[in-house]
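J.: quick one, what's the 3D model for this:
(one chain, ligands or ions: 2)
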Amino acid sequence: MGELKVLDHPLIQHKLTMIRDHRTGTKAFRELVDEVGTLMAFEITRDLPLEEVDVQTPVTTAKAYRLSGKKLGIIPILRAGLGMMDGVLNLIPAAKVGHVGLYRDPKTLEPVEYYVKLPSDIHERELIVVDPMLATGGSASAAIQSLKDRGAVNIKLMCLIGAPEGVKRIQQDHDDVDIYLAALDEKLNEKGYIVPGLGDAGDRLFGTK
Ligand code: PRP
Ligand code: URA
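T.: Ligands and ions are numbered 1, 2, ... in the order given. Down below sits the predicted model:
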């Protein structure tokens, strides 16, 4: 089974508290989600493969390390996933970006796919799917399936807040995918919102309602 990792770094937890606060306005919310995206990316990329190279310093030649293999792919789930994308790209600026457009039908809570545009070589890349919210898990599961249907084999999922229901869904549907959260919350309410959560991530990021 894929691992569930809750990234409890103090900076992530502090910023997440401000993100949750209903008084936090759009500008600050966006900046904080961006910052947490960067901090989470730092943790998630810990196991990237390295290769040894020679480097000529001003003093001598030394053995040193650099990242090996293909560059990563970042896959934001539209639209709220866009809020975490730049934060990840701050650390990994050469990553390719693919988009999966999904919205959750407010009545059925089922994901509806409306857009997919991916790098051509996703089967060779490690992909990080980003979306602030893992609620029922329907959207993330469908996005991951969409990537797999197009050849992806190496996928991580990074969300700010997850509900137990969403984690279970991903573990059932995609047992090869590691899940990274800043917090695992208590439950979903009757409307499928995460409790305590942060409300509607897309609306808070983009100032819509
Ligand atoms: C939100 C969120 C996830 C999804 C999570 O998107 O960003 O994609 O809901 O819910 P689930 O786990 O139950 O599928 P939403 O459908 O509100 O669309 P948006 O990003 O366009 O606002
Ligand atoms: N989508 C959101 O934006 N928030 C939730 O709590 C659940 C799904």
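J.: around ligand 2, pick out the residues from the protein.
T.: Proximity of the chain to ligand 2, by C-beta under 6 Å from any ligand atom, involves residues 80, 133, 135, 192-194, 197, 200-202. (Glycine included, C-beta is placed from N, CA and C.)
J.: helix, strand or coil for the spatially closest residue to G101 that is not a sequence neighbour?
T.: Nearest non-adjacent residue to G101, counting by C-beta to C-beta, 6 or more residues apart in numbering: Y115, 3.0 Å away. Taken by DSSP: H, G, I helix; E, B strand; the rest coil, the conformation at Y115 corresponds to strand.
J.: Y115: neighbouring residues, count only.
T.: 10 (other C-beta atoms under 10 Å).
J.: for the residue nearest the centre of the chain, name its beta-bridge partners.
T.: The chain has V130 as the residue nearest its centroid, 2.3 Å off, counting by C-alpha atoms, centre = their mean. V130 forms beta bridges with P76, M158, as assigned by DSSP bridges.
J.: thinking it is in contact with C159, fair?
T.: Yes - V130 lies in contact with C159 (C-beta atoms under 8 Å); the separation is 7.5 Å.
J.: before we move on, the earlier item: which residues does the residue nearest to G101 contact?
T.: Counting by C-beta atoms under 8 Å, 6 or more residues apart in numbering, Y115 touches 78, 99-101.
J.: closest residue of this protein to ligand 1?
T.: Nearest to ligand 1 in the chain, going by C-beta to the nearest ligand atom, is G202, at a distance of 2.3 Å.
J.: count of residues packed around that residue?
T.: If we define neighbours as other C-beta under 10 Å, then G202 has 19 of them.
J.: residues near A80, how many?
T.: 24.
J.: check the one 10 residues further on too.
T.: Using other C-beta under 10 Å, N90 has 14 neighbouring residues.
J.: the one helix or strand E165 maps to - what's its average pLDDT?
T.: In this assignment (DSSP states H and E), E165 forms part of helix 164-173. The average pLDDT for helix 164-173 rounds to 98.
J.: other SSEs contacting that helix?
T.: strand 133-134, helix 138-149, strand 178-184, strand 187-188 (3 or more C-beta pairs under 8 Å, 6 or more residues apart in numbering; DSSP states H and E).
J.: phi, psi for the nearest residue to H123 once chain neighbours are set aside please.
T.: In space, and not counting its chain neighbours, H123 is closest to G151: 3.7 Å by C-beta to C-beta, 6+ apart. When read as degrees, to the nearest 10, the backbone of G151 gives phi 110, psi 0.
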